[in-house]
Every structure is written in structure tokens, then in C-alpha cells.
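K.L.:
when you get a sec, could you give me coordinates for this:
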Amino acid sequence: MGNNVEQWSSKLAFILAAAGSAIGLGAIWKFPYVAGTSGGGVFFLIFILFTLLVGLPLLIGEFIIGRSTQKDAIQSYKQIAPNSSWHFIGRLGIVTCFILLSFYSVVGGWILIYIFKGLTGGLSGLTEQEYGELFGQSITNPGLTIFAQFVFLLITIYVVSKGVSNGIEKASRFMMPALFIIFFILIIRSVTLDGAMEGIMFFLKPDFSNVTSETILYAMGQSFFALSVGVSVMVTYSSYLSKNENLPQSAISIVILNLLVAFLAGLAIFPAVFSFGLEPDAGPVLLFNVLPTVFNQMPFGVFFLIAFLLLFLFATLTSAFSMLEIIVAPLAKGVESKRKKFSWILGICIFIVGIPSALSFGVLSHVTLFEKSIFDAADFLVSNILMPLGALLIAIFVPFKLSKETLYQELLQGSSLSRKLFVLWYMLLKFVAPIVIILVFLDVLGII
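P.N.:
Residues are numbered from 1 along each chain as shown. Below you'll find the model as predicted:
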């Protein structure tokens with residue numbers, strides 16, 4: 001059984017937690033605005049291709065590393081490749097998650113601020129301009145943003161300190177089904193608005209004249225961000241699996257759930273945006289400015305808005321759990337007292353590191369890194385550099401350090417995978433994934 005005493009109670013628990021890790025800000029906050037600024041339908045199409053041809057093979061690769069060793073993100077690489085530097089992949093994943101959670105928790109804080117404002121009547125009856133001003137006032141208020149970020153991280157720390165089955169699993173079991181129920185209510189409302197068809201066409205009809213190298217990079221970054229691959233989160237989560245779980249089936253379930261949520265997010269948001277004559281390329285503020293304007297013009301709009309913000313909060317928290325888990329697991333080593341201690345210590349460290357991101361829209365708005373705000377620079381570093389780099393290293397590591405036969409046997413455990421499908425997966429991981437990642441990187445750097 002290896003070092004891990006922690007285990008998921010069932011396959012469903014694992015899929016819900018892993019899908020929860022993947023379906024966070026990536027699908028609900030980032031996907032609509034990146035799609036909106038990158039051509040809508042054509043972006044969605046490229047995103048689906050990357051998810052199936054690169055993301056899915058990588059996800060299965062991370063599952064194999066984790067389940068075969070039953071160890072955390074650093075020890076698993078050490079066990080497969082002892083006396084080598086390959087464990088650097090796990091360390092890179094931990095650093096990436098640390099930076100990611102530091103700015104991710106800022107958005108988590110914004111959601112909490114909006115839920116509070118919604119419940120106390122602060123979001124009713126405003127114009128689009130007033131919503132814009134309200135968002136501006138909220139994110140530039142230093143005390144409020146830092147306090148909200150702290151509360152968001154407190155919830156994350158508390159759940160992760162409780163462990164895998166008592167904390168992460170229990171929270172995911174409740175949050176993920178609730179998320180889908182609220183989504184369906186919103187979509188029914190959104191697609192029945194006057195003029196909704198234009199938004200549906202924008203989202204689902206590809207316009208290839210909008211494709212640039214940046215669209216392709218963002219689609220690839222989004223497919224990694226949306227599946228949590230490249231940071232060894234899935235190595236850690238799959239290390240809590242029993243040996244007889246069907247890995248390909250679990251991976252496909254997570255990918256389908258993920259694409260479904262991206263599809264649902266698009267259907268919930270774009271028809272409403274077009275119906276009210278708003279711009280789909282509003283950027284990161286799409287959810288905080290545009291959607292309240294949309295809900296405000298519906299019957300029971302505040303109720304729908306609070307429901308959406310709660311959905312948004314659930315998705316953000318389930319992702320935050322997985323990021324903190326990968327950082328805590330190598331230090332806790334399955335010991336409950338250590339897990340509690342390190343959850344709190346590391347959570348507070350992440351909070352402190354995230355303060356400049358929280359202030360980058362107000363007090364520190366004049367500070368830029370590579371012509372980006374601190375928050376945007378951290379986001380770009382994670383989504384477009386560290387995650388693809390981690391994914392590239394994993395795509396090289398799995399076929400390079402594990403023999404073809406070992407991989408086949410590992411995938412056969414708990415599943416009846418045909419040799420043909422195995423060969424297809426192996427080729428995609430060994431050749432297609434690294435080549436695609438390198439080509440996109442070179443294009444962005446202006447080398448090709």
C-alpha cells in the first residue's frame with residue numbers, strides 16, 4: 001500500500017473531488033471571458049481538441065504515477081526515478097499551486113464580498129455602470145479585499161486540515177451536485193431571453209478568422225488549467241485510490257464533466273450577455289459586472305445572482321482544496337496531527353504571498369511586471385508558462401521512465417483496456433503532447 005494511509009471512500013468520491021479540482025475558476029470564471037476575448041466558438045473548438053488530444057493523455061499519465069506509487073507529488077517521482085532530478089516535476093507543481101492559490105484566493109474573496117452584498121441588498125436595482133463602479137470600489141478597497149481573501153483561505157485550510165475523506169470528499173459530495181443544479185436553472189433562464197440566439201451562435205459557431213497564435217496558446221493553457229494537469233495535483237489525488245480502480249474510465253469521466261461545465265458556462269453566460277446588448281469580451285470582470293446587470297433585469301434576479309455566486313464559490317473552493325492538498329501532502333505524509341499543523345502554516349504563508357495580488361487593483365495598481373499588474377503577471381506565469389512546462393515534463397517522464405509494458409499493466413488494473421486504445425494513448429502522450437506544447441511555446445516566444 002506504500003506510505004499513504006488516506007483513501008477515497010469510493011470511485012464516485014474520487015471523480016467528484018477530482019472534477020471539483022478541475023472545475024473551478026478555470027471553467028466558470030476564466031473560460032467565458034477567455035472565450036469571449038478569443039473568438040467564442042473557434043476558441044471552444046480548439047479548447048475541446050487540446051483537452052482530448054493533450055489534456056486527457058496527460059491526466060491518465062498523472063493518474064498512473066500517483067496510483068502506482070501511492071505517494072505524494074514529490075515521493076512518487078522519487079520512487080519511479082530514484083537518484084535523479086525528476087522529483088523536480090513534483091516540486092514545480094507545488095510551487096505552481098502555491099502561486100496559483102495566492103492569487104486564486106483573491107478572486108475567492110471577491111465572490112464572498114459579492115455574496116455578502118447580495119444577501120444584504122447591495123446588489124439590487126443598479127445600472128450596468130453602477131455595477132462597474134461597485135466592482136471597482138470593492139476590489140480597490142485594501143482592507144476589504146485582504147479580509148475576504150483571508151476568510152476564503154480559512155475555509156480552504158479548515159477543510160484540508162480535516163483530511164481526504166472527512167474534509168475534501170464530504171465537501172465535494174455536496175458542492176458538485178449543487179453546482180450542476182444551479183447551472184441548469186441559470187441556463188433555462190438565459191436561453192429563454194429575447195435575443196439569446198445571437199449569444200448561442202457566438203459561442204457555438206466557430207469563426208476561423210479569429211484564430212491567432214495567442215488564441216491557440218490560451219486554449220492550451222485553458223485546457224491544462226481546466227483539468228488541473230501539469231501541476232501533479234492529480235498525482236496526489238490518484239495516490240489515494242485503491243489499485244483496482246479503472247483509471248481510463250475515471251479520466252474520461254472527469255474530462256466529460258469538464259467539457260460539460262465549460263459548455264454550460266458558455267450557455268449560461270453568452271445568451272444573456274448578447275440579449276442585453278453587452279460585450280462578451282469584457283475580460284475578467286465579466287462575472288462581476290456583466291452578470292449582475294443581466295440578473296437585475298430578470299424576475300427574482302437577486303435570488304438567481306446569489307445562487308450563481310454560491311455556485312461560483314463552491315467551484316472555486318473545490319479547486320482551492322486540491323491546490324492546498326498537493327502542498328500539504330508531502331509534509332503531512334498521512335499523519336493527521338502533521339496535516340493539521342501544515343495546513344495552517346502553509347495556508348497562512350499563501351495568504352501573505354497573495355496580499356500583493358489582492359492589492360494590485362488598488363494601492364499597488366501602479367506596480368507592473370512585464371507590463372502586467374501583479375495579479376495578471378501571476379496568472380500569466382501559472383497558466384501560460386508553469387502549467388505547460390509541468391505538462392511537458394510529465395509527458396516526457398511517463399513514457400521515458402516507465403516501460404511500455406509496465407504502463408499497459410498499470411492501465412489494465414481495474415479496466416479492460418484494449419491494446420489498440422493503449423497504443424493510441426501512448427502515442428498521444430509520447431509524441432503529440434510534447435510536440436504540441438513545444439510548438440505553441442515557440443510560437444508565443446516569436447521563434448517560429
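K.L.:
S223 contacts F47, doesn't it?
P.N.:
Yes - counting by Cβ atoms under 8 Å, S223 does reach F47; the two are 5.8 Å apart. (C-beta placed from N, C-alpha, C; glycine too.)
K.L.:
of those two, which one has the most company?
P.N.:
Taking neighbours as other Cβ atoms under 10 Å, S223 and F47 compare with S223 leading, 31 against 26.
K.L.:
and the more buried one, what does it touch?
P.N.:
S223 makes contact with F47, F50, T51, V54, G55, according to Cβ atoms under 8 Å, 6 or more residues apart in numbering.
K.L.:
now the two most distant members of those residues.
P.N.:
F47 and V54 (10.8 Å; Cβ to Cβ).
K.L.:
tell me the helices and strands packed up against the helix or strand containing M387.
P.N.:
Assigned by DSSP states H and E, M387 belongs to helix 387-401. When contacts are defined as 3 or more Cβ pairs under 8 Å, 6 or more residues apart in numbering; DSSP states H and E, helix 387-401 packs onto helix 56-69, helix 75-80, helix 88-119, helix 213-227, helix 433-444.
K.L.:
which residues of this protein score low on pLDDT?
P.N.:
1-6, 21-22, 24-26, 29, 164-168, 281-285, 444-446, 448 (pLDDT under 70).
K.L.:
about what we covered before: quick one: which of the contacts of S223 is most hemmed in?
P.N.:
G55 (31 neighbours).
K.L.:
chain center to the helix holding M387, what's the gap?
P.N.:
Centroid separation for helix 387-401 versus its chain: 19 Å, with Cα atoms, centre = their mean, to the nearest Å.
K.L.:
what residues sit buried inside that helix?
P.N.:
Neighbour counts over helix 387-401 (16 or more other Cβ atoms under 10 Å) mark 387-399 as buried.
K.L.:
likewise stretch 211-226?
P.N.:
Neighbour counts using 16+ other Cβ under 10 Å place 211, 215-226 of stretch 211-226 among the buried residues.
K.L.:
likewise stretch 39-58?
P.N.:
39-51, 54-58.
K.L.:
do the same with stretch 421-439
P.N.:
Of the residues in stretch 421-439, those with enough neighbours to count as buried (16+ other Cβ under 10 Å) are F422, W425, Y426, L428, L429, K430, A433, P434, V436, I437.
K.L.:
for the last one, what are its contacts?
P.N.:
Going by Cβ under 8 Å, 6+ apart, I437 touches V54, M220, P388, A391, L392, A395.
K.L.:
show me which pair in the residues you listed is furthest apart.
P.N.:
Farthest pair in those, by Cβ to Cβ: M220 and A395, 12.5 Å.
K.L.:
you'd agree L45 is up against K205?
P.N.:
No - using Cβ under 8 Å, L45 makes no contact with K205, being 9.7 Å away.
K.L.:
which stretches of the stretch 201-350 of the chain form helices?
P.N.:
213-227, 233-238, 247-275, 291-296, 301-332, 336-359 (DSSP state H, counting those that start in this stretch).
K.L.:
list the buried residues of the last one.
P.N.:
By neighbour count with 16+ other Cβ under 10 Å, helix 336-359 contains the buried residues 339-340, 342-344, 346-347, 350-351, 353-359.
K.L.:
the helix or strand following it pairs with which strands, parallel or anti?
P.N.:
Counting by DSSP H and E, the next helix or strand C-terminal to helix 336-359 is strand 368-369. Strand 368-369 has the following strand partners under DSSP bridges: strand 372-373 (antiparallel).
K.L.:
how far off centre is the partner strand?
P.N.:
With Cα atoms, centre = their mean, you get 21 Å for strand 372-373.
K.L.:
how about stretch 51-69?
P.N.:
Per Cα atoms, centre = their mean, the centroid offset for stretch 51-69 relative to its chain is 16 Å.
K.L.:
can you lay out the contacts of I437 as CSV showing distance to V363?
P.N.:
Below are the contacts of I437 laid out as CSV (distance: Cβ to Cβ, whole Å):
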residue, distance to V363
V54, 39
M220, 34
P388, 32
A391, 35
L392, 37
A395, 41
